[in-house]
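Novice: missing the sequence, but the structure's below:
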């Protein structure tokens, strides 16, 4: 059980056990975590609501515990139109705005590629005058001479240091972190976020360190769906007949920032190829006007694929096989 004001480490076997639970037990466990979070902060909480499937499920659960729980949507200007339309149908949602546009971020700081960590490390090497930092990022050698794999750019991506464009991880900070911190400072509320350990190593490590409710984190936050799987999200939406954004019926499995390049090198049918079919005007804007085409080519990602079949409504509807 996650205990307030006490670091709650989770063992690997506990995470695997929770991931294997039937959905009804996961629901009860998540509701318990949400109740604990609300009680600890005297109901001064909110849900970070992106309009995606995970946050849609989280908001539905949170409002079973706290019916008037507010939601916060970060209007980055990079969401699919179908996401924005869906968010507008949900009650009690606060919309935030970033201080810069995506184009301004690219021009001032650089392009986000591969992953947040790779973007951060490569950007640091591109801009630093410190031999010590360069040695750490390129060779993994710390100031005391010790080796650290985590502090090094992997060999596969070291060529990006000499890319003919700037690279940076500032995107998420400006579009998501800064607006949410501002909201929390102004309201005193603590956030609940619909992230899951299945989505990445860093999220799994954070869960193993703090559990669902990170009371002791430098910035306290709750992730009540941490041990859910994608199939659980789909099952919950179907069983509860929850409305969701139509963009998921257009073939898109992820609906964060439309032009985000993080992780797209791992996709078989990548998000830009899908966008070419579903939103051709937006695809042309990001690939040609914003210059993402040359960036994607540099990291080995093809943003075009005329061989992709047009979407079949019956085939592309939200299913457990997605």
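Specialist: Okay, I see it. All values reported here derive from a predicted model rather than from experimental measurement. Numbering: from 1, shown residues only.
Novice: Could you use CA atoms for every contact and neighbour count after this?
Specialist: Noted.
Novice: Strands along the stretch 151-300 of the chain, start to end?
Specialist: Here the stretch 151-300 of the chain has its strands, by DSSP state E, counting those that start in this stretch, at 190-192, 213-214, 221-222.
Novice: I'd like those laid out as JSON lines, including mean pLDDT and distance to residue 158.
Specialist: What follows is the strands of the stretch 151-300 of the chain, written out as JSON lines (pLDDT from 0 to 100; distance: least, CA to CA, whole Å):
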{"stretch": "strand 190-192", "mean pLDDT": "98", "distance to residue 158": "36"}
{"stretch": "strand 213-214", "mean pLDDT": "96", "distance to residue 158": "34"}
{"stretch": "strand 221-222", "mean pLDDT": "97", "distance to residue 158": "34"}
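Novice: can those strands go into JSON lines with extra columns for mean neighbour count and distance to residue 53?
Specialist: Shown next, in JSON lines, are the strands of the stretch 151-300 of the chain (neighbours: other CA atoms under 10 Å; distance: least, CA to CA, whole Å):
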{"stretch": "strand 190-192", "mean neighbour count": "25", "distance to residue 53": "15"}
{"stretch": "strand 213-214", "mean neighbour count": "25", "distance to residue 53": "21"}
{"stretch": "strand 221-222", "mean neighbour count": "24", "distance to residue 53": "17"}
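Novice: Could you export the ones you listed to TSV, including columns for distance to residue 43?
Specialist: TSV is the format used below for the strands of the stretch 151-300 of the chain (distance: least, CA to CA, whole Å):
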stretch	distance to residue 43
strand 190-192	9
strand 213-214	14
strand 221-222	13
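Novice: Of these, which is nearest residue 65?
Specialist: strand 190-192 (12.7 Å; CA to CA).
Novice: And the closest one, what does it pack against?
Specialist: For strand 190-192, the packing partners by 3 or more CA pairs under 8 Å, 6 or more residues apart in numbering; DSSP states H and E come out as strand 45-48, strand 221-222.
Novice: Point out where the stretch 1-150 of the chain drops to low pLDDT.
Specialist: Residue ranges of the stretch 1-150 of the chain with pLDDT under 70: 1-8.
Novice: So which residues of it form strands?
Specialist: 45-48, 71-74, 93-96.
Novice: Just give the closest residue to residue 300, not the sequence neighbours.
Specialist: Leaving aside its chain neighbours, residue 300 sits nearest to residue 265 (7.3 Å; criterion: CA to CA, 6 or more residues apart in numbering).
Novice: can you check residue 178 too?
Specialist: Leaving aside its sequence neighbours, residue 178 sits nearest to residue 98 (CA to CA, 6+ apart; 7.6 Å).
Novice: now the helices for the stretch 201-322 of the chain?
Specialist: 201-210, 230-239, 271-278, 280-284, 292-298, 313-316 (DSSP state H, counting those that start in this stretch).
Novice: nearest to residue 22, of those helices?
Specialist: Using CA to CA, the helices of the stretch 201-322 of the chain put helix 230-239 closest to residue 22, at 8.7 Å.
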